[in-house]
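Asks: Please work out how this folds:
(one chain, ligands or ions: 1)
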Amino acid sequence: MSLPSILDPNGQALSAWLDQRGERPYRAAQIRRWLFHRRAGSFDEMTDLPQALRAPLAADFSLWTLKTAHHSVAPDGAEKLLVELRDGQRIECVLLRDGHRRTICISSQVGCAMGCVFCASGLDGVIRNLASTEIIEQMLLLARLLPPHERLSHIVVMGMGEPLANLDHLLPALNAATSPDGLGIGHRRITISTVGLPPAMNRLAELDARYPLAVSLHAPNDELRNRLVPVNKNTGLSAILAAADHYFEVSGRRLTFEYVLLGQLNDQPEHASELAALLRGRLALVNLIPYNPVAGLPYQTPSRNAVRRFVDILETAGLNVQVRERKGDEIDAACGQLRRRRSPGLESLVTLASATPPDPAKAAETN
Ligand code: SAH
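Replies: Residues are numbered from 1 along each chain as shown. Got it, this is the predicted structure:
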């Protein structure tokens, strides 16, 4: 049987354990400080805990259940980890450096059930939800890549998976990210990206509307969206926009709409005009993401001209627009790409091509 994780956000196992040994409750906070502030890599490093406590802690709790299977560093400072979970499954997470920002992009599931036709993460469907501890461990593994005087400043939940399909495990993990005795990152610096699941968006609005939400649209009408984002057949754009508007009302956070630009497919002027009409009247940011080629898939990166035209039309219609910069190109930073490239038997699907790591944190902060 595997040991309970010391990172369990619920913390009851540790409190009970300390209590049973006659230890003072403040030890729990002391251990958390070691994990989240001082980024201890082992119980042994927790030098202000008595040795008589460190050894039994290590015997009764696990600290790392994730193993780094591959670590790549891009010339622009982006670092990507391919991480192996205890059951041998693999996920990806990324650290991005941009000025003073230290943004991490984390995964919420192994694989993805949404089936967006251009995305590498969902090509094999979803395998399972990540546990809260596995989400927290990603944060800590990435934080440990920073020098001691630097802190993580932003989180985007835009790695592999659909975060709103795993809210029960995601929210406790994000609590550890925001809590002052956790990573202490402000809620407004944590963006959750969703394919657009109205009931789950409404649930998030109820449970905790402090996080900026990014909704992946990718098409301005249901006919096209049904083709690009198959789950749309069960939802439809109007229900998604209604849920987004509701989230905006409850949260007061400006919404972000993501739109992957696929050459010739959804990047034409008529798409831009239709999108502008669809979003009219909303306090929203449109985050345009030029498609990153995924080997084996037939889609194309949009031309520079197409991107410029698209931006112009949206801006003329009064929308705020941001084109996501490409970072970490050399390291397959787009979600799902590295995992596929490193999986035996999948090489044929692989390209060393590009990647777009998410940077909507920028958008989140201009709120
Ligand atoms: N399930 C969430 C998180 C997905 S990843 C969602 O759908 O929002 C974050 C963004 O990257 C999504 O908008 C997703 O559609 C987009 N994306 C996925 N694959 C991509 C690719 N190859 N090129 C560009 N953007 C991609």
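Asks: got the buried residues for stretch 121-128?
Replies: Ser121, Gly122, Leu123, Val126, Ile127 (16 or more other Cβ atoms under 10 Å). From N, CA and C alone the C-beta is placed, and that goes for glycine too.
Asks: And the furthest pair within those?
Replies: Within the buried residues of stretch 121-128, Leu123 and Ile127 form the most distant pair, 12.0 Å apart (Cβ to Cβ).
Asks: Spell out the secondary structure type for Glu274.
Replies: helix (DSSP: H, G, I helix; E, B strand; the rest coil).
Asks: hang on, the earlier thing: reformat the buried residues of stretch 121-128 into JSON lines and put pLDDT, distance to the ligand and secondary structure next to each item.
Replies: Formatted as JSON lines, the buried residues of stretch 121-128 follow (pLDDT from 0 to 100; distance: Cβ to the nearest ligand atom, whole Å; DSSP: H, G, I helix; E, B strand; the rest coil):
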{"residue": "Ser121", "pLDDT": "93", "distance to the ligand": "7", "secondary structure": "coil"}
{"residue": "Gly122", "pLDDT": "90", "distance to the ligand": "8", "secondary structure": "coil"}
{"residue": "Leu123", "pLDDT": "91", "distance to the ligand": "10", "secondary structure": "coil"}
{"residue": "Val126", "pLDDT": "97", "distance to the ligand": "11", "secondary structure": "strand"}
{"residue": "Ile127", "pLDDT": "97", "distance to the ligand": "15", "secondary structure": "strand"}
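Asks: for these, which one is nearest Thr65?
Replies: Using Cβ to Cβ, the buried residues of stretch 121-128 come closest to Thr65 at Ile127, 16.1 Å.
Asks: For the closest one, which non-adjacent residue is closest in space?
Replies: Val110 (4.1 Å; Cβ to Cβ, 6 or more residues apart in numbering).
Asks: Does the ligand have contacts with the helix or strand where the one you found lies?
Replies: Applying DSSP states H and E as the criterion places Val110 in strand 109-111. No. Using Cβ under 6 Å from any ligand atom, strand 109-111 stays clear of the ligand, coming no nearer than 8.6 Å.
Asks: Identify the residues contacting that strand?
Replies: By Cβ atoms under 8 Å, 6 or more residues apart in numbering, the residues outside strand 109-111 that reach it are 85, 89-91, 121-122, 124-130, 160-162, 165-166.
Asks: in stretch 308-322, what's buried?
Replies: In stretch 308-322, counting by 16+ other Cβ under 10 Å, buried: Arg309, Phe310, Val311, Ile313, Leu314, Leu319, Val321, Gln322.
Asks: repeat for stretch 77-88
Replies: Quick answer for stretch 77-88 (16+ other Cβ under 10 Å): Ala78, Glu79, Lys80, Leu81, Leu82, Val83, Glu84, Leu85.
Asks: In TSV: these, plus distance to the ligand, pLDDT and secondary structure.
Replies: Converted to TSV, the buried residues of stretch 77-88 look like this (distance: Cβ to the nearest ligand atom, whole Å; pLDDT from 0 to 100; DSSP: H, G, I helix; E, B strand; the rest coil):
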residue	distance to the ligand	pLDDT	secondary structure
Ala78	15	94	coil
Glu79	18	96	strand
Lys80	14	95	strand
Leu81	16	96	strand
Leu82	16	96	strand
Val83	17	97	strand
Glu84	21	97	strand
Leu85	19	97	coil
